[in-house]
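Novice: Here you go, sequence then predicted model.
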Amino acid sequence: MADEKVSASGLTEAEAKEFHAVFRQSFLIFVGIAVVAHVLVWSWRPWLPSVEGYTTSMIDGVQQIVSFLV
């Protein structure tokens, strides 16, 4: 172990490769979840309205939910 080269980060080459693999996998999972979330939000309420604009505002949906709960 004393003969292994240690970088400025304090990790050996093998440790750095292992960390990079875990980091890359975690990043790809995060990006996948973000893409799915954006697709779901886009299907619910597109952030670029059509020519007619939004048919209902968000407050209409909130008012319906509040009146249902009260």
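Specialist: Structure received. Numbers count the residues shown, from 1 in each chain.

Novice: Is the closest residue to Ser7 other than its chain neighbours in a helix, a strand, or coil?
Specialist: Closest residue to Ser7 apart from its sequence neighbours, by CB to CB, 6 or more residues apart in numbering: Ala16 at 6.7 Å. Every residue, glycine included, has its C-beta placed from N, CA and C. Look at Ala16: counting by DSSP: H, G, I helix; E, B strand; the rest coil, its state is helix.

Novice: Give me the pLDDT value at Ala16.
Specialist: At Ala16, the model reports a pLDDT of 92.

Novice: Please spell out the segments of the protein that come in under the pLDDT threshold.
Specialist: For the chain, applying pLDDT under 70 flags the ranges 1-4, 6, 50-60.

Novice: At the geometric centre of it, which residue sits there?
Specialist: Residue closest to the mean C-alpha point of the chain, counted by CA atoms, centre = their mean, is Ala34 at 2.8 Å.
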